[in-house]
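Peer 1: my questions are about this predicted structure, shown below with the sequence.
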Amino acid sequence: MISKRLFQIANMIPKDMIVADIGTDHAFLPVYLMENGLAKKVYACDNKEGPLSGAIAHIEEANLTGSVIPILSDGLTDVPKDTEVITISGMGSELILEILNAHLSGFENIQRIIVQGNTSVQKLRQYISEHNYRIVDECVVEEYKYYQIISFDLTPAERPLEAEEVWLGPVNIRKRSETFEKYLHERYNYLYKLNLEHPLKDQREFLVLKKVLTGYGERKMLTIYGSAMCPDCVACKRNFDFYGIEYHFIDINLKLHDLADFLSLRDKLPVFDHCKEIGDIGLPALVKEDGEVFLNWEGYLREKGYEVLPEEGEIKAACSLDRKGC
Ligand SMILES: C[S@@+](CC[C@H](N)C(=O)[O-])C[C@H]1O[C@@H](n2cnc3c(N)ncnc32)[C@H](O)[C@@H]1O
């Protein structure tokens, strides 16, 4: 029985190839591949005698001597050049990069490289992007913690990766698997709390997570923080829809992290001072493409030459903390 993480790696390996597993430890992945007919031959490589003797014992026990070949090798140094797929997993991304940077040239038959770094996974994607390699597949696995697995080949990519793709992965962002979504929310909430306690020195990951979670920035348009329960927000939406003004509406009653985002704006920005004084919540709050926040959506419409539509029906709900209305 192999771990969920190694099982996913095995699933991402193209079938019937010569695979080299670098840093194989007990050779769990190589043995699994051969036992399940998923590879032609596997080199189980490690740079230390201890793990390698564990690998040899496991290979013998599985009766795979000859098809899983243990090799003492520092990184790729002594790995046979007929290798078609390289897997490197369960170590720090810096070490994976050291291994790739040292000896990848000379492997003419490489079809696929699958990497799973335990830390700083963005560095692996940065390397892939800088070398103009192409990410073929990715996945996020949850097994006590989250692991990101990246499969790439050496054919030229169409374009360099964008910042959010470097941090989170182009295929992950496209697929948006359930585990990836869960990872996004948990990681964002974690960084959000850290940032509240002590503003993060490096805000890049935090901003990227926010962007991918809210969709803000995907297209150039206004973001509106509001609520379906707030009549002024409903009126704002109705007017914007009527005049065909594009916006991205975030209902702060639906997700805690959206509510937290709105509150952090409300806590910090002077534009909310007046509503706080008079007990208003400050909805809808509109954020321009450049990040400027404003509350006067009617003024915004008039500036654009549109007349604000007459109110529709009776206003039943309230937008003020004292429940008096908007
Ligand atoms: C934590 S284990 C990972 C085992 C397995 N790959 C996995 O994903 O579960 C890391 C292994 O990498 C080996 N290792 C570390 N640096 C290495 C290097 N430069 N070349 C080859 N193996 C290395 C260690 O000896 C250890 O057995």
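Peer 2: Thanks, I have the structure now. Residues are numbered from 1 along each chain as shown.

Peer 1: tell me which residues of stretch 185-201 are tucked away?
Peer 2: Neighbour-count burial for stretch 185-201 flags Arg187, Tyr188, Leu191, Tyr192 (criterion: 16 or more other CB atoms under 10 Å). The C-beta positions use only the backbone N, C-alpha and C, and glycine is treated the same way.

Peer 1: tell me what the lowest-mean-pLDDT helix or strand in the chain is packed against?
Peer 2: Between all helices and strands in the chain, the lowest mean by mean pLDDT, DSSP states H and E belongs to helix 204-214, at a mean of 87. Contacts defined by 3 or more CB pairs under 8 Å, 6 or more residues apart in numbering; DSSP states H and E place helix 204-214 against helix 163-168, helix 178-197, helix 256-268.

Peer 1: between the ones you listed, which one is closest to the ligand.
Peer 2: Each of these has some distance to the ligand by CB to the nearest ligand atom; the shortest is helix 178-197, at 18.2 Å.

Peer 1: tell me what that closest one is packed against?
Peer 2: strand 134-143, strand 145-153, helix 204-214, helix 256-268.

Peer 1: any idea of the pLDDT on the closest residue to Phe242 other than its chain neighbours?
Peer 2: Using CB to CB, 6 or more residues apart in numbering and skipping residues adjacent in sequence, the residue nearest Phe242 is Leu309, 6.0 Å away. pLDDT recorded at Leu309 is 90.

Peer 1: quick one: residues contacting Leu309.
Peer 2: Applying CB atoms under 8 Å, 6 or more residues apart in numbering to Leu309 gives the contacts Ala235, Arg238, Asn239, Phe242.

Peer 1: at 7 Å what do you get?
Peer 2: Arg238, Asn239, Phe242 (CB atoms under 7 Å, 6 or more residues apart in numbering).

Peer 1: that one - that's part of a helix, no?
Peer 2: No - Leu309 is assigned coil when assessed by DSSP: H, G, I helix; E, B strand; the rest coil, not a helix.

Peer 1: what's the most buried one of the helices and strands packed on helix 178-197?
Peer 2: Among the helices and strands packed on helix 178-197, the stretch with the highest mean neighbour count (mean count of other CB atoms under 10 Å) is strand 145-153, at a mean of 20.

Peer 1: bridged to the closest residue to Glu158 other than its chain neighbours, which residues?
Peer 2: Among residues not flanking Glu158 along the chain, Arg134 sits closest, at 7.8 Å (CB to CB, 6+ apart). In this structure, Arg134 bridges to Asp153 when assessed by DSSP bridges.

Peer 1: do I have it right that Arg134 meets Ala157?
Peer 2: Yes - counting by CB atoms under 7 Å, Ala157 is a contact partner of Arg134 at 4.4 Å.

Peer 1: contact partners for the residue nearest in space to the middle of the chain?
Peer 2: In the chain, the C-alpha nearest the mean C-alpha coordinate belongs to Leu168, at 2.6 Å (CA atoms, centre = their mean). Going by CB under 7 Å, 6+ apart, Leu168 touches Val208, Val212.

Peer 1: report pLDDT for it.
Peer 2: With respect to pLDDT, Leu168 scores 96.
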